[in-house]
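> I need the structure of the sequence given here:
(one chain, ligands or ions: 2)
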Amino acid sequence: MKKPFLIAGPCSAKSEKHIFEIAKSISLYIDVFRAGLWKARTHPDSFAGVGELGLPWLKKINLELGLKTSTEIANTNHVEKCLHYNIDMLWIGARTTTNPFSIQEIAESLRGTSKTVIIKNPIHPDIKAWIGAIERIKKANIKNIILVHRGFFLGNKHKYRNEPIWEIPLKVKKMFPEHMLLCDPSHISGDKKWIYDISKEALLNKKMDGLMIETHLKPELSLSDKKQHINNFDLGKIYYDLF
Ligand code: PEP
Ligand code: MN
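Ligands and ions are numbered 1, 2, ... in the order given. Next up, the predicted model:
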């Protein structure tokens, strides 16, 4: 079996030092470092990210640690800024995947580039919305695409923050076998205590191609999604046990 692909890093970047130290602590395990700069938050008073200020911080991680980097983009302005800083992979979050207007604009602004685009499933279990988003990106002649299952929001009375519905990503993977399918146990679980089990299920039972995991040196200090971050040691355990 091919070694699984691993993307990890914090939900959001706080400072240059903050993300550099996290990246350094997990650089042995990961293929790509992640950190959100523009954060789509439900409440207007929540931390919305540092924005373009963080782009040179990601660049520094790329140059000094030799790691590929990724961040979330939700509009053409984000795309242009990321292209300017040559960020390797751009991810489309669940809220954006839901919206065909946004996806079309993003696709046009990426046309002709060789960027890798990571497409997370939409918030709700709407397989057609996810497939539509993938097709729009492909029609813009973007060849490098990675798919991520981050679970579906089914209301608050469930075990997980977003329930996995494995047959949906597996069906999508069958349609697009040329693209890697990763699992994001962080946004599925909403709680660090489930990350290991969901990762194991995704890799060993569902044969998915890798994971995207929110990781922090001190999860309790994270400015977003604090409950679901694991630390660098727990990421190492997942890596040594499951990879
Ligand atoms: C994230 O990866 O930080 C994120 C916001 O994910 P999602 O779009 O899956 O909620
Ligand atoms: Mn998050």
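> check contacts around residue 140.
Applying CB atoms under 8 Å, 6 or more residues apart in numbering to residue 140 gives the contacts 107-108, 110-111. Backbone N, C-alpha and C define where each C-beta goes, glycine included.
> Assign residue 148 to helix, strand or coil.
strand (DSSP: H, G, I helix; E, B strand; the rest coil).
> ok, it to residue 162 distance?
Using CB to CB, to the nearest Å, residue 148 is found at 12 Å from residue 162.
> same deal with residue 40?
14 Å.
> ok, the two, which is more surrounded?
The residue with more neighbours, out of residue 40 and residue 162, is residue 162; 23 against 14, by other CB atoms under 10 Å.
> That one - nearest residue in space that isn't next to it in sequence?
In this structure, residue 162 finds its nearest non-sequential neighbour in residue 151, 3.0 Å apart by CB to CB, 6 or more residues apart in numbering.
> Contacts made by stretch 218-237 with the rest, please.
8, 10-12, 14, 22, 25-26, 29, 36, 39, 41, 46-47, 161, 186-187, 189-192, 195-196, 213-217, 238.
> now check stretch 117-125, is it near ligand 2?
No: Stretch 117-125 lies out of reach of ligand 2 by CB under 5 Å from the ion, never closer than 10.6 Å.
> Buried residues, that stretch. List them.
117-123, 125 (16 or more other CB atoms under 10 Å).
> Tell me who's in contact with residue 27.
33, 65-67.
> With residue 194 instead?
By CB under 8 Å, 6+ apart, the contact list for residue 194 reads 160, 185, 188.
> Which one of the buried residues of stretch 117-125 is nearest to ligand 2?
residue 120 (10.6 Å; CB to the ion).
> quick one, what contacts that closest one?
91-94, 97, 148-150, 184.
> Identify the bridge partners of it.
Residues in a beta bridge with residue 120, per DSSP bridges, are residue 148.
> Which members of the buried residues of stretch 117-125 additionally contact ligand 1?
residue 120 (CB under 6 Å from any ligand atom).
> Now pLDDT too, for the buried residues of stretch 117-125, in TSV please.
Listed next are these as TSV, based on pLDDT from 0 to 100:
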residue	pLDDT
117	98
118	98
119	99
120	98
121	98
122	98
123	98
125	98
